[in-house]
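Enquirer: Quick one, structure for this:
(chains A and B)
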Amino acid sequence: MSEDTPAPRSNFITAIIDEHLENGRFDRVHTRFPPEPNGYLHIGHAKSICLNFGVAQDYGGLTNLRFDDTNPTTEEVEYVESIQADIRWLGFDWEDRLFFASDYFGQLYEYALQLIKLGKAYVCDLSPEELRQYRGTLTEPGVDSPYRDRTIEENLDLFQRMGAGEFPDGSRTLRAKIDMSSPNLNLRDPVLYRILHAHHHRTGDKWCIYPMYDYAHALSDSIEGITHSICTLEFEDHRPLYDWCLDTLGIFHSQQIEFARLNLTYTVMSKRKLLQLVRDGYVSGWDDPRMPTLAGMRRRGYTPEAIRTFADTIGVSKANSIVDMELLEHVLRDDLNNRARRVMAVVEPLKVVIDNYPAGQEETFEVPYFPFDRENSPTRQVPFSREIYIERSDFMEDPPKKFYRLAPGSEVRLMNAYYITCTDVIKDQSGEVVELHCTYDPESRGGMSPDGRKVRGTLHWVSAQHALDAELRLYDTLFTKANPYEVPEGGDFKDNINPESLQVVTAAKLEPGLADAAVGESFQFMRQGYFCLDAVDSKEGALVFNRTISLVDTWAKMQK
RNA sequence: UGGGGCAUGGUGCAACGGCAGCACAGCGGACUUUGAAUCCGUUGAUCCAGGUUCGAAUCCUGGUGCCCCGGCCA
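Expert: All right, here's what the predicted structure looks like:
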């Protein structure tokens, strides 16, 4: 249980902010989270969201949500909606500051005109292939475009006609006039605008030229008065271009700061790869509970608190790293341990008949939902009868030492009920155990005997006649390798997909109260793990529960 | 010498010239009506080589290793 107040965020970014505040570069903190609506948000985005919103909060500043929707060919409204839902679910609020880069298309166009008038941008007629050739290589400088020295008037005319739709896709671009021999490829007269006769999810068919990321992003930050524009490491090389745009135009200058994106073991964290898994049917959708997407994690039973704690715990730096999945699982368990009601459910049922319990008799036990706080815990009534189910793995006919569950002749406690002793084992023709016979000690009602004798094993159980049937979905990691990209020559990350990442149990038995479970509630199925109702497939009378995560299992570890 | 960036226990992050610390994982024990949780204890690190300094993870020099960059993607 972690009641400790989280330490104030302190990292290399807050150090930079502190410096800016001290030297007067800025007198406030205003960040933004800039998703492109071309996929669902994942846990890596959560790191960025927590960073951007968290840092602003710490400094009494603001955070904008801005969709970076400058490429209509890959973007969809489905994504702009899911992204907003996911951020809200995570617990962050952009208030009235929802923006779209496309809101600025008009302004961006005006700025482009200004760049042309400044002699800092020109219309280039090179084809994409020619452009690539003229750009040079990593070690050789590029070559000036033959169109580089067009007059301002000609550029103005051509750019306006580009915007008016006079030219086909790919025939012309607007380029910044910087330096074709720069060792930084991003500065070799980068493309600012391209022609794209595509329908935009917000601006419709109004535009057929769309600004490129570097240009649009820098100007959008400036327009919104963003002080600290936090992005990932791969944009470090782009910062000189970011700065060039703002300096050349002489407008408000945000500071771009780069940090290392999140990597997690046993999963992939790229929208392109995740899209592939969805499209190719390796998972049921973006919200498949095995996906590292926020939608998937929510459906799986992750809480926003756990994810936020995780983001705080991993910290922020510029070093590429891979966080161990076990850390995520730890904060999840810690959070769930504090909030989940304890109930009983049998995953793999084995019938037990209590021979000396009167046939036809039943009784109910009042059982606390939070047994570690029996005094204050709310309770529910749990029925008990002569025939019950226990976990198949809780019985062994020929147990190893240290096995203190049920075995022939051994006595265990049925949680909150009675002590029972196994007297007989029934098997089918193939030798499989199909039923157990036991006797119970009526004196041990409630789970304690007056003589105070020690019973080491405590089992969960469900009354057979009262049990609810349910489907359980048990998840394992989506990939079998900590690093899914580790494949033999010519292989693909999909080769490492875990064929056993989903195990469906169709005949689980639940205590009857679970009929009232609601979506979004977490339960601990005692001695098994944390589960929640599946928001998509569960129906009344056909319950489906997802295992969010298993409990730590020291016994299983000992068996290895 | 194309350019940019990063190196601290197994993993992630601190230490900002002054005793290398935290979390996870591991290991050992206590407790237990969850083999959970909790509690107690414990193993384990500054990429390498020089230099500056009373003192270096931190500053300087030189290496080494890893990541990113040749979309009209973001």
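Enquirer: What's the local residue count around the residue of chain A at minimum distance from RNA strand B?
Expert: Nearest to RNA strand B, among the residues of chain A, is residue A:447, at 2.2 Å (CB to the nearest atom of the strand). Heads up, the C-betas are built off the backbone N, CA and C, glycines and all. Per other CB atoms under 10 Å, the neighbour tally for residue A:447 reads 16.
Enquirer: Break chain A into its domains for me.
Expert: For chain A, the structural domains run A:12-259, A:271-339+A:470-559, A:343-466, going by automatic domain parsing.
Enquirer: looking at those, which is closest to residue A:265?
Expert: The closest of these to residue A:265 is domain A:271-339+A:470-559. By CB to CB, the value is 4.1 Å.
Enquirer: how far does the closest one stretch from start to finish?
Expert: Criterion CA to CA, to the nearest Å; first-to-last residue distance in domain A:271-339+A:470-559 is 39 Å.
Enquirer: quick one: it to chain centroid distance?
Expert: Domain A:271-339+A:470-559 has its C-alpha centroid displaced from the chain centroid by 10 Å (CA atoms, centre = their mean, to the nearest Å).
Enquirer: In TSV, list the domains of chain A along with mean pLDDT.
Expert: What follows is those, written out as TSV (pLDDT from 0 to 100):
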stretch	mean pLDDT
domain A:12-259	97
domain A:271-339+A:470-559	96
domain A:343-466	96
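Enquirer: follow-up on the earlier one: from residue A:314, how far out is the residue of chain A closest to RNA strand B?
Expert: Residue A:447 is 41 Å from residue A:314, where distance means CB to CB, to the nearest Å.
Enquirer: if we look at stretch A:38-45, which residues are touching it?
Expert: For stretch A:38-45, the surrounding residues in contact (CB atoms under 8 Å, 6 or more residues apart in numbering) are A:35, A:49, A:71, A:74-76, A:79, A:82-83, A:86-87, A:261-264, A:269, A:271, A:274-275, A:286-287, A:291-295, A:297, A:307, A:310, A:328.
Enquirer: can you confirm residue A:434 is in a helix?
Expert: No - counting by DSSP: H, G, I helix; E, B strand; the rest coil, residue A:434 is not found in a helix; it is strand.
Enquirer: Pull the contacting residues for it.
Expert: By CB under 8 Å, 6+ apart, the contact set of residue A:434 is A:350, A:351, A:426, A:427, A:428.
Enquirer: RNA strand B contacts on the stretch 1-150 of chain A?
Expert: A:1, A:10-12, A:15, A:34, A:36, A:68, A:70-71, A:74, A:126-128, A:131-132, A:135, A:137-139 (CB under 7 Å from any atom of the strand).
Enquirer: Give the ChimeraX command for selecting the buried subset of these.
Expert: A single ChimeraX command selects the buried members of those (16 or more other CB atoms under 10 Å):
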select /A:34,36,68,70,71,126,131,135
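Enquirer: List just the nearest of the contacts of residue A:434 to residue A:225.
Expert: Taking CB to CB as the measure, residue A:225 lies nearest residue A:350 of the contacts of residue A:434, at 65.5 Å.
Enquirer: Kindly format the C-alpha coordinates of the host helix or strand of the closest one as CSV.
Expert: For residue A:350, the host element (DSSP states H and E) is strand A:349-354. The C-alpha trace of strand A:349-354 is given here as CSV (Å, rounded to 0.1, in the frame of the first residue of the first chain):
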residue,chain,number,x,y,z
PRO,A,349,-13.6,-26.3,-11.0
LEU,A,350,-13.3,-29.6,-9.2
LYS,A,351,-16.5,-30.8,-7.4
VAL,A,352,-16.3,-31.6,-3.7
VAL,A,353,-19.1,-33.4,-1.9
ILE,A,354,-19.2,-32.9,1.9
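Enquirer: So what touches it?
Expert: Here strand A:349-354 makes contact (CB under 8 Å, 6+ apart) with A:386-392, A:394-395, A:418, A:420, A:433-440, A:461-462, A:464, A:507-509.
Enquirer: Wait, residue A:324 touches residue A:263, no?
Expert: No - assessed by CB atoms under 8 Å, residue A:324 is found out of contact with residue A:263, at 10.4 Å.
Enquirer: what's near enough to touch residue A:252?
Expert: Counting by CB under 8 Å, 6+ apart, residue A:252 touches A:222, A:223, A:225, A:246.
Enquirer: Need the max-distance pair from the residues you listed.
Expert: For the contacts of residue A:252, the maximum inter-member distance is 12.2 Å, found between A:225 and A:246 (CB to CB).
Enquirer: who touches both of those two?
Expert: Shared contacts of residue A:225 and residue A:246 (CB under 8 Å, 6+ apart): A:252, A:254.
Enquirer: more crowded one of these two?
Expert: Between residue A:225 and residue A:246, counted using other CB under 10 Å, the more crowded position is residue A:246 (18 against 14).
Enquirer: any chance you could map the helices in the stretch 451-560 of chain A?
Expert: Under the criterion DSSP state H, counting those that start in this stretch, helices of the stretch 451-560 of chain A are mapped to A:554-559.
Enquirer: Only the buried residues of whichever strand or helix holds residue A:274, if you could.
Expert: Element membership for residue A:274 (DSSP H and E) is helix A:271-279. Neighbour-count burial for helix A:271-279 flags A:271, A:274, A:277, A:278 (criterion: 16+ other CB under 10 Å).
Enquirer: how close does residue A:111 sit to residue A:124?
Expert: Noted for residue A:111: a distance of 18 Å to residue A:124, by CB to CB.
Enquirer: Revised request: answer the last question for residue A:418.
Expert: Going from residue A:418 to residue A:124 by CB to CB gives 84 Å.
Enquirer: Who does the nearest residue to residue A:547 once chain neighbours are set aside form a beta bridge with?
Expert: Nearest residue to residue A:547, sequence neighbours excluded (CB to CB, 6 or more residues apart in numbering): residue A:474, at 4.8 Å. For residue A:474, the beta-bridge partners under DSSP bridges are residue A:503.
Enquirer: and residue A:474, what is it in contact with?
Expert: Applying CB under 8 Å, 6+ apart, the residues contacting residue A:474 are A:347, A:502, A:503, A:504, A:505, A:547.
Enquirer: Can you pull the residues of the stretch 301-450 of chain A lying near RNA strand B?
Expert: Within the stretch 301-450 of chain A, the positions near RNA strand B by CB under 7 Å from any atom of the strand are A:313-324, A:326-327, A:330, A:333-334, A:337, A:342, A:371-372, A:402-405, A:413, A:415-416, A:446-448.
Enquirer: which residues touch residue A:105?
Expert: For residue A:105, the contact set (CB under 8 Å, 6+ apart) comprises A:203, A:206, A:207, A:210, A:211.
Enquirer: do that again at 10 Å, thanks
Expert: A:69, A:70, A:200, A:202, A:203, A:206, A:207, A:209, A:210, A:211, A:216 (CB atoms under 10 Å, 6 or more residues apart in numbering).
Enquirer: before we move on, what about residue A:521?
Expert: Residue A:521 sits in contact with A:301, A:339, A:340, A:341, A:531, A:532, A:533, where contact means CB under 10 Å, 6+ apart.
Enquirer: can you rerun that using 8 Å?
Expert: With contacts defined as CB under 8 Å, 6+ apart, residue A:521 is in contact with A:341, A:532, A:533.
Enquirer: From those, pick the one nearest residue A:516.
Expert: Set against residue A:516, the nearest of those by CB to CB is residue A:533 (10.2 Å).
Enquirer: My guess is the closest one contacts residue A:545. True?
Expert: Yes - using CB under 8 Å, residue A:533 is in contact with residue A:545, at 6.0 Å.
Enquirer: Please enumerate the shared neighbours of the two.
Expert: Shared contacts of residue A:533 and residue A:545 (CB under 8 Å, 6+ apart): residue A:517.
Enquirer: From the contacts of strand A:349-354, list just the buried residues.
Expert: The neighbour-count criterion (16+ other CB under 10 Å) marks A:386, A:388-391, A:394-395, A:418, A:420, A:436-440, A:461-462, A:464, A:508-509 among the contacts of strand A:349-354 as buried.
Enquirer: So which of these are in strands?
Expert: With DSSP state E as the criterion, strands contain A:388-391, A:420, A:436-440, A:461-462, A:508-509 from among the buried ones among the contacts of strand A:349-354.
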